[in-house]
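S.K.: next input, structure requested:
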Amino acid sequence: MKALNSYRTKNRNLETGVEMEKYSVLLVDDEEDVIQIIMKKMDWESMGFQIVGYAHNGVEALEMAEELQPDVVMTDIKMPYMDGLTLSRKLKELYRTVKIIIFSGFDEFEYAKEAIQIEVEEYILKPIDAGNLKEVFGRIHEKIGREMDEKRNVDKLREYYMESLPILQENFYTSLIDGRIPEGEVEKYLSNYQIDLTGPCYVVSILHISTTDIPQNMNPFLLGVSVKKLAEEHMEGEWKSRILMYLGDIVVITQLEEQEQITAFTDFMDKFCRLAKHVCEATVTAGIGYVCDNLPDIRLSWQGARSAVSYRVIYGNARAINIAEIDPMENVDERWEEQEIQKILKRIRMGTREELETEISHCVCRFLQDGTTMQKYQIFIMGLLTELFRFCNNNQLDSVEFYGEKGEAFDKCMQMESPKELEQWLLKVCEKLQETVQQERQASTRSFVSRAVEYVQEHYSDRNITIESVCRELGVSAAYFSTIFKKETGKTFISFLTDYRMEKAVELLMTTSDKTYIIAEKVGYADPNYFSYAFKKQYSMSPSKYRTANSQG
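M.R.: Okay, here's the model as predicted:
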């Protein structure tokens, strides 16, 4: 067998001047002369094809197909070790999109019938006519091109997606402030919708336009559009704000570098209300919600902003009203501790040691800054230990190994001398969990390949061993298996199996007096002739000569 250039390229058709996609072809025939004639008989480049390799039997071709992934396989029927119909069937099982051409000297109905069942593209009788073959490959080139165009439609969908992004982003913002997005899915939407909301702090404001003080001959909707445009000009850059229309008001989602910035932001919004009156002749009340440092908590800031706007009946309109100044938030979200703990668990699963340390420090500091009591501290510790216990249970880990019995751990936390001691203890426990979980994930991939290798070592004598049989044993797809196996071993599965069988064959040749056909059977080859052929390809001599050459001396 021989592999040639396997890269898909483009070339220009000399007749039409149109640039053509060039597709790959693998030739299979046990007669070298036939292969050479086919290769030289056609102007493959002008037809939009290139020969990437050729094999002399179906077994070789199947191995080459795994490596070369050809677009088209052109094969004879009658060949040793594996005929063309069997090869075609296996190729279609492994690579659904491959196009197969069968050329044969046998004009028999049963052959043609089976070829149709396998979904072979063409069945050509020998001797092959160059004109006919050119027409066949012309049809196949068009068919592959159509299929490729369908795949490229994905690009059109992506273009449509980009055009739809502003609407999708606005829907995301409204869903976020309404609390309709589960916390675990927020990051996914940020990525999919190309939204940059890195905070670290957030506040939602509402710009409410008075409906009783609208300039004469002014459409209320257009007045809102005018105020929104003014807000975009003054807030999107300086305050990293996202601005949208929702429920008749203008909603502003603003990112702050730190919570203390809220005072300056409130002053800015107060000035903006006066600017809106001057520029747009609109009476605007800015209701400012609570500051939060977690995107899912934005719903609480939104609720606070709505409450702030309602206070205009007491404090007057055309000004900024900060809800935190008139109604300080007490336990706005009693679940924030649980959310912070979930962040820590996420870092155990996915993050680095540094990210884990940062998350733990942030959680402990935030808890203490909230003005905790001993009762709240006890509840926090119990919640923390409960979540750690649940994490260990979900990952089949023994929680006692990491932090002891739950009661003992609770007593230990209650007796700690300082917040720093709690932070250090928690980091030590979570680091150990992180290391264990990540080691097990890495071991899982190694185990996956090791199990496949062990399977080969135990079943190499089975002549029916295939990628499919191994994948059934491991419970994985052939595509995933092939990718991981080659990544870890540097070989395709078929190459690994062949090499291992050859090593065992050499061992038997040198340690027993078994005949070649017996050794062939012991290492998984049903056909002694093909075993000798494969052995010679591997070691450049027949099994008998190898035994003789290495027994002397």
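S.K.: what residues does the strand or helix carrying Gly407 touch?
M.R.: Element membership for Gly407, per DSSP states H and E: helix 406-414. Contacts of helix 406-414 with the rest of the structure, by CB atoms under 8 Å, 6 or more residues apart in numbering, involve Gln378, Ile381, Met382, Leu385, Phe389, Ser399, Tyr403, Gly404, Leu422, Trp425. In this view, the C-beta of every residue, glycine as well, is placed from N, C-alpha and C.
S.K.: the inter-axis angle of the helix or strand just after that helix versus helix 406-414?
M.R.: Counting by DSSP H and E, the element after helix 406-414 in chain order, helix or strand, is helix 419-459. Orientation of helix 419-459 against helix 406-414 (axes from the mean of the first three to the mean of the last three CA atoms, to 10 degrees) gives an angle of 140 degrees.
S.K.: average pLDDT across the helix or strand that helix 419-459 is followed by?
M.R.: Per DSSP H and E, helix 419-459 leads on to helix 467-474 as the next helix or strand towards the C-terminus. Per-residue pLDDT over helix 467-474 has a mean of 84.
S.K.: contacts for helix 467-474?
M.R.: Counting by CB under 8 Å, 6+ apart, 93-94, 448, 451-452, 455-456, 477-478, 481-482, 493-494 sit against helix 467-474.
S.K.: now do the helices in the stretch 251-400 of the chain.
M.R.: For the stretch 251-400 of the chain, applying DSSP state H, counting those that start in this stretch gives helices covering 262-280, 298-310, 312-315, 323-326, 336-350, 353-369, 374-394, 399-403.
S.K.: in a markdown table, list these along with distance to Lys412.
M.R.: As requested, the helices of the stretch 251-400 of the chain are exported to a markdown table (distance: least, CB to CB, whole Å):
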| stretch | distance to Lys412 |
| --- | --- |
| helix 262-280 | 38 |
| helix 298-310 | 34 |
| helix 312-315 | 50 |
| helix 323-326 | 37 |
| helix 336-350 | 18 |
| helix 353-369 | 16 |
| helix 374-394 | 10 |
| helix 399-403 | 9 |
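S.K.: most tightly surrounded among those helices?
M.R.: Mean neighbour count, computed with mean count of other CB atoms under 10 Å, is highest for helix 298-310 among the helices of the stretch 251-400 of the chain, reaching a mean of 22.
S.K.: got the angle between that helix and helix 336-350?
M.R.: Orientation check (the same axes, to 10 degrees): helix 298-310 against helix 336-350 gives 150 degrees.
S.K.: can you start the count at 8 instead of 1 from here on
M.R.: I'll keep to 8 as the first residue from here, and by that count the last item is helix 305-317.
S.K.: give me the contacts around helix 305-317.
M.R.: When contacts are defined by CB under 8 Å, 6+ apart, helix 305-317 is touched by residues 183-186, 209-213, 215, 256, 258, 260, 292, 294-299, 328-331, 333-334, 336, 339-340.
S.K.: give me the nearest residue to Val32, chain neighbours excluded.
M.R.: Once flanking residues are discounted, Val32 sits nearest to Val79: 4.6 Å by CB to CB, 6 or more residues apart in numbering.
S.K.: from what I can see the one you found touches Gly55, true?
M.R.: No. Between Val79 and Gly55 there is no contact under CB atoms under 8 Å: 10.7 Å.
S.K.: what do these two both touch?
M.R.: Shared contacts of Val79 and Gly55, counting by CB under 8 Å, 6+ apart, come down to Tyr30, Phe144.
S.K.: which of the contacts of helix 305-317 are buried?
M.R.: Neighbour counting with 16 or more other CB atoms under 10 Å marks 183-184, 209-213, 215, 256, 258, 260, 292, 294-299, 328-331, 339-340 as buried within the contacts of helix 305-317.
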